[in-house]
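> I would like the atomic coordinates for the input below:
(chains A, B and C)
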Amino acid sequence: MTQALLYGVFGIALFGIGLFGVLAIAHVVKKILAINICGVGVFMVFIANASSGAAPDFVPHAMVLTGIVVAVAGTAMALSLVVRINALEKPEEDA
Amino acid sequence: MFNNMTLSDSAKQEADLPGCVLLIVGMVVVAACFFLAMSLVQFQPTDQPLVTLVASNLEQSGVENPVTAVLLNFRSYDTLLEVAVLLIVALAVMPFSLQDTRLPFIKVSEPIERSLVLEAFLRWLLPAIVVTSGYLLWTGAALPGGAFQAGALLAGAGILLLLAGHHSFNFNALAARLLLVVGLAMFLLVGAGVVLSSGIALAYPVAMAGTLILVIEVAATITIAAVLVLLFCALQIEPLGPQPNRVEKEKHL
Amino acid sequence: MISGELFIDLLLGIGALVTAILCLTAKDLFQAILLFISMGLLVTLAWVRLGAWDVAIAEAAIGAGLTGALLIATRRQLNQ
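Here you go, the predicted structure:
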């Protein structure tokens, strides 16, 4: 069992954990965490495959780098929506 | 997806779905992962054309770090679109701030709660972070590093500055808007400018590639840092809705 | 018999999996956020083991640092 294969399987397992979390957890912020875990799993499969050859493949590295920044941007947008939904729901509860 | 989403931080969240549904979902997910893993085990990469392509063209890219070469030269469309995505996200979270456009970008005020340890620490830490960020940006041409890492580090410095409480940013100011768009603008400008010499957008002339990439990277670093700080600010708002209500409540009281 | 290096990989991978599971099963949101940050750090080490230094630096700065700051800021807003 090689290093690349090991990390590839771990990446798929992380993706599975994240996917289950997205489907099963009701708390919205935790759903966002689960989506992020999904993303980390995908990145891990990418990087593991990139290191499977004799020389490392740098194109997936660059793609994952782009992916990490886009993921944090998406997460921040989702979180700002959560904060705003929360702000809009609160006064109704008070009334 | 299947259940009612909630924001409450209570323990009942796990009990929302019936056990049998959870079991079915779990089995489907496990089966999908199993098939993915099987296909991964059977997957035999024959040859990697991209590896030889990157290695043989590295000299023409203007930088020595292959990842930076891929990001800003070979596949620069990806990075261009990524900076555009960041700008779109920034625009999406912008409406939170109803501050005046004419106010300055950085506002200095007396903090409500002073944290002396944090302030003293930041006096040492912030310059060091800025210098490290510049180093990461510069070294990105030859060693691991580059615009994303430098921008993220700079954004960390900005967030720490915000947490100290002395400063606040007004992202509606003209200077802030310039910071938010300078990365994309510079990328597009350079990408369109090289058409004059090479005839293809974003295909840099070999002699100037290193300089052009550095110019783009500096602008992209500033934009990435500004957008990430803006995203943090967007979460810091006083709730939008209740503000008029609060005034009413005070009147009632 | 597995070699020492593969053992480290195994440890890192299992650590990332366990922190991910704990993160999603944690009752308290703050606990979940901290476990998510620690998973990010473990994954950073995995990137280093796979030779992806650029990705490791970005993950340490963004995945572990900034995302954590964003999540904690969100939690503070939710608790107000």
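> who's in contact with residue B:232?
A:76, B:155, B:158-159, B:162, C:66, C:69-70, C:73 (C-beta atoms under 8 Å, 6 or more residues apart in numbering or on different chains). (Each C-beta comes from the backbone N, C-alpha and C, glycine too.)
> How about the secondary structure of the closest residue to residue B:181 other than its chain neighbours?
The spatially closest residue to residue B:181, leaving aside those adjacent along the chain, is residue B:87, at 6.6 Å (C-beta to C-beta, 6 or more residues apart in numbering or on different chains). Here residue B:87 is recorded as helix under DSSP: H, G, I helix; E, B strand; the rest coil.
> residues near residue B:87, how many?
Using other C-beta atoms under 10 Å in any protein chain shown, residue B:87 has 19 other residues around it.
> What residues sit buried inside the helix or strand containing residue B:182?
Residue B:182 belongs to helix B:174-193 when assigned by DSSP states H and E. By neighbour count on 16 or more other C-beta atoms under 10 Å in any protein chain shown, the buried set for helix B:174-193 is B:176-177, B:179-184, B:186-188, B:190-191.
> could you redo those residues as JSON lines and give each row pLDDT?
JSON lines is the format used below for these (pLDDT from 0 to 100):
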{"residue": "B:176", "pLDDT": "86"}
{"residue": "B:177", "pLDDT": "86"}
{"residue": "B:179", "pLDDT": "89"}
{"residue": "B:180", "pLDDT": "90"}
{"residue": "B:181", "pLDDT": "91"}
{"residue": "B:182", "pLDDT": "92"}
{"residue": "B:183", "pLDDT": "91"}
{"residue": "B:184", "pLDDT": "92"}
{"residue": "B:186", "pLDDT": "91"}
{"residue": "B:187", "pLDDT": "90"}
{"residue": "B:188", "pLDDT": "90"}
{"residue": "B:190", "pLDDT": "89"}
{"residue": "B:191", "pLDDT": "87"}
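> Specify which member of those is nearest to residue B:208.
residue B:190 (9.8 Å; C-beta to C-beta).
> Quick check, the closest one in contact with residue B:217.
No - with contact defined as C-beta atoms under 8 Å, residue B:190 does not count as touching residue B:217 (10.7 Å).
> can you pull the contacts of residue B:106?
Residues in contact with residue B:106 (C-beta under 8 Å, 6+ apart) are B:167-170.
> let's see 6 Å
By C-beta atoms under 6 Å, 6 or more residues apart in numbering or on different chains, the contact set of residue B:106 is residue B:167.
> what's the answer for residue B:144, then?
The contact partners of residue B:144, taken as C-beta under 6 Å, 6+ apart, are C:53-54, C:57.
> ok, of these, which one's closest to chain A?
For the contacts of residue B:144, the residue nearest chain A by C-beta to the nearest C-beta is residue C:54; the value is 5.9 Å.
> Tell me the secondary structure at residue B:168.
Reduced to three states by three-state DSSP, residue B:168 is strand.
> who's in contact with it?
Residues counted as contacts of residue B:168 (C-beta under 6 Å, 6+ apart) are residue B:107.
> hmm, try it at 8 Å
Contacts for residue B:168 (C-beta under 8 Å, 6+ apart) come out as B:106-107, B:109, B:162.
> and the strand or helix carrying residue C:76, what does it pack onto?
Using DSSP H and E, residue C:76 falls within helix C:67-79. Packed against helix C:67-79 by the contact rule (3 or more C-beta pairs under 8 Å, 6 or more residues apart in numbering or on different chains; DSSP states H and E) you find helix A:28-50, helix A:58-94, helix B:209-234, helix C:29-49.
> ok, now with 10 Å
For helix C:67-79, the packing partners by 3 or more C-beta pairs under 10 Å, 6 or more residues apart in numbering or on different chains; DSSP states H and E come out as helix A:28-50, helix A:58-94, helix B:147-164, helix B:209-234, helix C:29-49.
> hang on, the earlier thing: the contacts of residue B:144: which ones sit near chain A?
Among these, proximity to chain A is found for C:53-54, C:57 (C-beta under 10 Å from any C-beta of the partner chain).
> if you look at those residues, which of them are in helices?
Taking DSSP state H as the definition of helices, the ones next to chain A among the contacts of residue B:144 contribute C:53-54, C:57.
> who wins for neighbours among these?
Tallying neighbours with other C-beta under 10 Å puts residue C:54 at the head of these, with 26 neighbours.
> for that residue, what are its contacts?
Listed by C-beta atoms under 10 Å, 6 or more residues apart in numbering or on different chains, the contact partners of residue C:54 are A:58, A:61-62, A:64-65, B:65-68, B:70-71, B:140, B:143-146, B:148-149, C:47.
> related to what we said a few turns ago, averaging pLDDT over each of the helices and strands packed on helix C:67-79, which comes out lowest?
For those, mean pLDDT drops lowest on helix A:58-94, to a mean of 85.
> buried stuff in that one?
Buried residues in helix A:58-94 (16+ other C-beta under 10 Å): A:58-80, A:82-84, A:86-87, A:90.
> Can you pull out the low-pLDDT segments for the stretch 1-150 of chain B?
B:1-16, B:45-46, B:95-99 (pLDDT under 70).
> where do the helices sit along it?
In the stretch 1-150 of chain B, the helices defined using DSSP state H, counting those that start in this stretch lie at B:19-42, B:49-57, B:66-69, B:76-93, B:116-139, B:147-164.
> Make TSV from the helices and strands packed on helix C:67-79 and add distance to residue C:10 to it.
Below are the helices and strands packed on helix C:67-79 laid out as TSV (distance: least, C-beta to C-beta, whole Å):
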stretch	distance to residue C:10
helix A:28-50	14
helix A:58-94	22
helix B:147-164	28
helix B:209-234	34
helix C:29-49	11
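> tell me which residues of stretch B:112-132 are tucked away?
Under the neighbour-count criterion of 16+ other C-beta under 10 Å, stretch B:112-132 has B:122, B:126, B:129, B:132 buried.
> Which helix or strand contains the closest residue to chain C within chain A?
Going by C-beta to the nearest C-beta, chain C is nearest to residue A:10 of chain A, at 3.7 Å. Using DSSP H and E, residue A:10 sits within helix A:3-24.
> Just to check, residue B:52 is in contact with residue A:55?
Yes - with contact defined as C-beta atoms under 10 Å, residue B:52 reaches residue A:55; the gap is 8.5 Å.
> So out of everything in chain A, what residue is nearest chain B?
For chain A, the residue closest to chain B is residue A:87, as judged by C-beta to the nearest C-beta, at 3.1 Å.
> can you list the residues of chain C near chain B?
Taking C-beta under 10 Å from any C-beta, the part of chain C that reaches chain B is made up of C:25, C:27-30, C:52-63, C:65-66, C:69-80.
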